[in-house]
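Novice: 3D model of this:
(one chain, ligands or ions: 1)
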Amino acid sequence: MTARVSSGQAAVMPRPAWIDKWLGACKDLADLERSNPMTDAVVDEIDGRMIRIGDQWLADFASCNYLGFDLEREIIDAIPAYLDRWGTHPSWSRLLGSPVLYPQLEERLTQLLGADDTLVLPTITLIHTSVIPVLAGSGTVYVDRRAHKTIYEGCELAAAHGATVKRFAFEDADDLERLLKEGGPSPRLICLDGVNSMTGNAVDVPAFAELARAYGALLYVDDAHGFGVIGERGDEETSPYGSRGNGVVRYAGESYDHVIFVAGLSKAYSSLGAFIACPSELKRLLKTAAPPYLYSGPSPIASLATALVGLEVNERRGDEVRADLWRKTSRVLDSLDALGVHTPNRSGFPIVEVPLARHEDIDAVGRFLFDNGIYVTLAAYPLVPRKEVGFRIQITAANTDAEIAQLVDVLHRLTNGFDLQPARDERRAA
Ligand SMILES: Cc1ncc(COP(=O)(O)O)c(C=O)c1O
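Specialist: Numbering: from 1, shown residues only. Next up, the predicted model:
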């Protein structure tokens, strides 16, 4: 950190103590960022779900494009016509004006979700940081202790605006009820993840929705990873992921009574966009109360087009894609079972975390996977607690069977050189 002095030379300022504290908390991650090729990488080229980093080609198991829509020819080919008509970017804030693509997208999402209404903004982070403070007012926010970092950002802003924030134990409805019984100022808002971004499991929506209704609270669910992948159950379903990919609330057979559903288009729909499904009255309020609607730039036209065409493809053959995704994910989970290796994934959904027996091994494990052509997300401390340090595999429909076979083979060889945590006696749902 430097400061200018009058001679034009840079003078070194003493490093404030709070920076050392901050850097200390992130040290493991910072060390990894400096030393490991699987963090902060520059990808030079892609070929399907293969990526090239420098001279090394790797099978990508870190992508969140679960349905493979980023590579879907029908979607890619549809975009130029939208650009011809609309240009690259509507540079109005939404309150000023929205291309008609926005209401079209909102209508399609509302219909797919079976919700009352939908409001589209560029990212989930923007939604959390703007909507959570509005819904919390000077009341009480109950947040899952392990909710996504971006939910926490929203809660911190809510606290700055006068709300009280209370944490409950991870996905623990009993602990939440204990806090709700203690009382606290209204309005009351309960914030948690739908499909958890690390364990790959879905939260028990009915249990939390019931508490919200019983205690006059709103349940606010972030389903970044479930939307597009899981959906309503029924006889017609092609896999245990359910049908239509309309998210964790429909997957659980729940209604939107006292439930606010938030999800993104940047994972399953490969597009820079996000939405909140809520009553029309709240949508109207958010148009002036949520800063991104007033002040932020909107999603690019290519993203709006990708999402609109993606929703059409989803209606026609999304369930086929999801059945394929389920089959490929099952192959990976079965191979871990056969190796006797623990993963917290009990759902069968395509997020598979593999914790290490010794967190100190993470750098060497990352290198082994990289050198053997497998790209994953390294989960270092403080992203996860030390006992969960490891790596996260994400399977997408665009991963080929050959890439899955390569992953299974490399996982097998990994267990010869490194200790992973032993399997526990837990049943898988799908
Ligand atoms: C659970 C969850 N919520 C929110 C986000 C952030 O989404 P966005 O990029 O739309 O802000 C992520 C991103 O990975 C996520 O996993």
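
Novice: could you chop the chain up by domain?
Specialist: Using automatic domain parsing, the domain parsing of the chain gives 27-69+317-417, 80-314.

Novice: which parts of the helix or strand harbouring Arg167 are buried?
Specialist: When elements are defined using DSSP states H and E, Arg167 is found to belong to strand 164-168. Counting neighbours by 16 or more other Cβ atoms under 10 Å, one finds that the buried residues in strand 164-168 are 165-168. The C-beta positions use only the backbone N, C-alpha and C, and glycine is treated the same way.

Novice: so what's Lys267 up against?
Specialist: 64-66, 224-225, 227-228 (Cβ atoms under 8 Å, 6 or more residues apart in numbering).

Novice: what's the local residue count around the residue in the stretch 201-350 of the chain positioned nearest to the ligand?
Specialist: Taking Cβ to the nearest ligand atom as the measure, the stretch 201-350 of the chain has Ala224 as its residue closest to the ligand, at 3.6 Å. When neighbours are defined as other Cβ atoms under 10 Å, Ala224 has 23 of them.

Novice: enumerate every residue touching the residue nearest to Gly264 when sequence neighbours are not counted.
Specialist: Once flanking residues are discounted, Gly264 sits nearest to Ala274: 4.2 Å by Cβ to Cβ, 6 or more residues apart in numbering. Taking Cβ under 8 Å, 6+ apart as the definition of contact, the neighbours of Ala274 are 120-124, 126-127, 262-266.

Novice: so which of these also contact the ligand?
Specialist: 123-124, 264, 266 (Cβ under 6 Å from any ligand atom).

Novice: ok, of those residues, which come out buried?
Specialist: 123-124, 264, 266.

Novice: show me what counts as buried in the helix or strand containing Ala302.
Specialist: If you go by DSSP H and E, Ala302 is part of helix 301-339. When burial is assessed from 16+ other Cβ under 10 Å, helix 301-339 yields the following buried residues: 301-311, 313-314, 318-319, 321-326, 328-330, 332-333, 335-336, 339.

Novice: helix or strand right after it?
Specialist: Note on helix 301-339: by DSSP H and E, the next helix or strand toward the C-terminus is strand 351-355.

Novice: quick one: that following strand to chain centroid distance?
Specialist: Once both centres are worked out by Cα atoms, centre = their mean, to the nearest Å, strand 351-355 turns out to sit 15 Å from its chain's centre.

Novice: and that strand, average pLDDT?
Specialist: Strand 351-355 shows an average pLDDT of 98 in the prediction.

Novice: same question for stretch 181-194.
Specialist: Rounded mean pLDDT across stretch 181-194 is 97.

Novice: with stretch 280-295 instead?
Specialist: Model confidence over stretch 280-295, given as mean pLDDT, is 96.

Novice: in it, what counts as buried?
Specialist: Burial within stretch 280-295, assessed by neighbour count using 16+ other Cβ under 10 Å, is assigned to 282-283, 286, 290-293.

Novice: distance to Met38 and secondary structure added to the residues you listed, as a markdown table?
Specialist: Below are those laid out as a markdown table (distance: Cβ to Cβ, whole Å; DSSP: H, G, I helix; E, B strand; the rest coil):
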| residue | distance to Met38 | secondary structure |
| --- | --- | --- |
| Leu282 | 41 | helix |
| Lys283 | 41 | helix |
| Leu286 | 39 | helix |
| Ala290 | 36 | coil |
| Pro291 | 36 | helix |
| Pro292 | 32 | helix |
| Tyr293 | 37 | helix |
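
Novice: distance to the ligand added to the residues you listed, as a markdown table?
Specialist: Written out in a markdown table, the entries for the buried residues of stretch 280-295 read as follows (distance: Cβ to the nearest ligand atom, whole Å):
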| residue | distance to the ligand |
| --- | --- |
| Leu282 | 20 |
| Lys283 | 18 |
| Leu286 | 17 |
| Ala290 | 14 |
| Pro291 | 15 |
| Pro292 | 11 |
| Tyr293 | 16 |
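
Novice: what's the nearest residue to the residue of the stretch 301-430 of the chain found nearest the ligand if we skip its chain neighbours?
Specialist: Nearest to the ligand in the stretch 301-430 of the chain, going by Cβ to the nearest ligand atom, is Ile351, at a distance of 9.5 Å. The shortest distance from Ile351 to any non-neighbouring residue, by Cβ to Cβ, 6+ apart, is to Gly200 (3.3 Å).

Novice: tell me the SS of the one you found?
Specialist: coil (DSSP: H, G, I helix; E, B strand; the rest coil).
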